[in-house]
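Participant: Build me a model:
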Amino acid sequence: LRYYRIVDEEADIRDLEVGDLNDMESDVPAPFLEHLRSERDRPPGPRGVSAEEFELDPSITAAGGTTMVMATMALDWSEKHGQHGTDHLAQVWA
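Facilitator: Predicted coordinates:
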């Protein structure tokens, strides 16, 4: 195992061609930069989601991204609603 001492980090970065570290937008394609600016300037959407909207589409809370939804089913609810209720709920969750 060999260890190397960094003598001139700016020269190393320049050699790696990672771009201008002082201007992070200089190496970004124009369409992507416009997209980032529009996302940054966009007002946030409504946060509240009704139970009915969530039941129809659990991914509604993802806001265009990826989300993970955790759910649990209580035994008393399962016994009360039977096989039909649990099957329906499983289909809604899937």
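
Participant: and stretch 42-52, what's its mean pLDDT?
Facilitator: Mean pLDDT, computed over stretch 42-52, is 65.

Participant: As a check, name the ranges of all strands in the chain.
Facilitator: For the chain, strands defined by DSSP state E do not occur.

Participant: remind me which residues of it are low pLDDT?
Facilitator: 1, 18-19, 44-51, 58-69, 94 (pLDDT under 70).

Participant: Let me see the ranges of the helices in it.
Facilitator: 9-16, 30-41, 51-56, 75-93 (DSSP state H).

Participant: Export the ones you listed as CSV, with columns for distance to D23 and mean neighbour count.
Facilitator: C-beta: built from backbone N, CA, C; applies to glycine. Formatted as CSV, these follow (distance: least, CB to CB, whole Å; neighbours: other CB atoms under 10 Å):
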stretch, distance to D23, mean neighbour count
helix 9-16, 14, 10
helix 30-41, 12, 10
helix 51-56, 42, 10
helix 75-93, 46, 11
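
Participant: So E25 versus F32, what's the distance?
Facilitator: For E25, the distance to F32 equals 10 Å [CB to CB, to the nearest Å].
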